[in-house]
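K.L.:
3D, please:
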Amino acid sequence: MPSIHEVPINATFGAFLASRDFQSRVTPNGTQRTTLIVAAVYILVIAILWHIPFLSWIIYPFKLLTVGFHEMSHAFMGVLTCATIHSIELDPNEGGATSMSGGIQWLTLPAGYLGSSLIGACLIACGFDTNASKVASLVLAVFFLFTLWWARRDWLTWVLIAGMTGLILLFWFVAGGVALRYFILFVGVMSCLYVLWDVIDDTIARKVNSSDASAFAKVCGCCPSQVWGVLWLIVAFVFFALGVIVGLVAFKDTAAEQKEDASHFLPVPGSSNALSSTPSLSMTTTLMFFVLSGTAFSLL
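P.N.:
Below you'll find the model as predicted:
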């Protein structure tokens, strides 16, 4: 007679509660619904501007920024695999190149697409919260410094990063950082969309012999570049979705609560909260010192 394994009622009830809890966590509140609507508008606007002549110049700097994320991801993975980074260059035609020697190619080659999509996903998640957007801006500042060092002979990279740094500083001062939150969200959406479009365009819709996927296919020798392109595309979609889910789960504060919290975390200089927040000012001053010092060192 076959044995019957009964599932404990407590285990079933616990799984049900966990499912209900996750569902409640990913259900957006009013502020999060607004963020999702804004993100959807970003997707629509970017898709329209992408293919309209002349109007596409509006998002041209952000295309170059995502190319910078791509090349920076190559470089960081190269550093992690003991490669020597010689230079990073951005092409005005929305291309880029990272010159390195050494490293592990089967890690450094896919790092461009996967790294920039991961960066985009992290920025999307941070775009759900004002303070998280401030932290993301500080992290971007560190990334910018490394990129400037590796691209110190590339004038286009300097102009691009200078412009983006100016926008971040400008939006930091608008509405207590609310504008910065939507700017970080836009950059995240732009980065993820660019990865998706670039992978489809270079490896699936048409085969480009000089693409990362083609180079990776030669290194692996087991699958054509289109297969790797499809796999990277799936991973990029997963990162995009995870960015939204993490934002929904981690940042449940309302707009009013975010405004209150942001007024005490790295507040706008000159405000009453900034004057009474010495640690925040010290942190900001220290960061600016390192940014300026690193920039000056890169110029040498």
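K.L.:
low-confidence ranges in the stretch 151-300 of the chain?
P.N.:
Across the stretch 151-300 of the chain, the ranges flagged by pLDDT under 70 are 204-210, 268-300.
K.L.:
What segments of it are helices?
P.N.:
155-172, 178-199, 212-220, 225-250, 255-262, 272-275, 278-299 (DSSP state H, counting those that start in this stretch).
K.L.:
among these, which is nearest Thr31?
P.N.:
helix 255-262 (4.7 Å; CB to CB). All C-beta atoms are positioned from the backbone trio N, CA, C, and that covers glycine.
K.L.:
could you give the angle of the closest one to helix 178-199?
P.N.:
100 degrees (axes from the mean of the first three to the mean of the last three CA atoms, to 10 degrees).
K.L.:
packing partners for helix 255-262?
P.N.:
helix 30-50, helix 130-150, helix 178-199 (3 or more CB pairs under 8 Å, 6 or more residues apart in numbering; DSSP states H and E).
K.L.:
can you tell me which of the helices of the stretch 151-300 of the chain comes nearest to Ala40?
P.N.:
helix 178-199 (9.3 Å).
K.L.:
quick one on the thing from earlier: of the helices of the stretch 151-300 of the chain, flag the one that's most buried.
P.N.:
Using mean count of other CB atoms under 10 Å, the stretch among the helices of the stretch 151-300 of the chain with the largest mean neighbour count is helix 178-199, at a mean of 24.
K.L.:
follow-up on the earlier one: which of the helices and strands packed on helix 255-262 sits closest to Phe239?
P.N.:
With CB to CB as the criterion, Phe239 lies closest to helix 178-199 of the helices and strands packed on helix 255-262, at 7.0 Å.
K.L.:
Summarise which helices and strands that closest one is packed against.
P.N.:
helix 30-50, helix 60-80, helix 105-126, helix 130-150, helix 155-172, helix 225-250, helix 255-262.
K.L.:
ok so, going back, turn the helices and strands packed on helix 255-262 into JSON lines, including distance to Ile161.
P.N.:
Output for the helices and strands packed on helix 255-262, formatted as JSON lines (distance: least, CB to CB, whole Å):
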{"stretch": "helix 30-50", "distance to Ile161": "21"}
{"stretch": "helix 130-150", "distance to Ile161": "5"}
{"stretch": "helix 178-199", "distance to Ile161": "13"}
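K.L.:
Quick one, which of these gets closest to Thr165.
P.N.:
The nearest among the helices and strands packed on helix 255-262, by CB to CB, is helix 130-150 at 6.6 Å.
K.L.:
How far does stretch 188-203 sit from its chain's centre?
P.N.:
12 Å (CA atoms, centre = their mean, to the nearest Å).
K.L.:
same check, this time on stretch 76-96
P.N.:
Counting by CA atoms, centre = their mean, stretch 76-96 comes out at 17 Å from the chain centroid.
K.L.:
coming back round to it: now distance to Ser211 too, for the helices and strands packed on helix 178-199, in CSV please.
P.N.:
Below are the helices and strands packed on helix 178-199 laid out as CSV (distance: least, CB to CB, whole Å):
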stretch, distance to Ser211
helix 30-50, 19
helix 60-80, 12
helix 105-126, 10
helix 130-150, 21
helix 155-172, 21
helix 225-250, 7
helix 255-262, 41
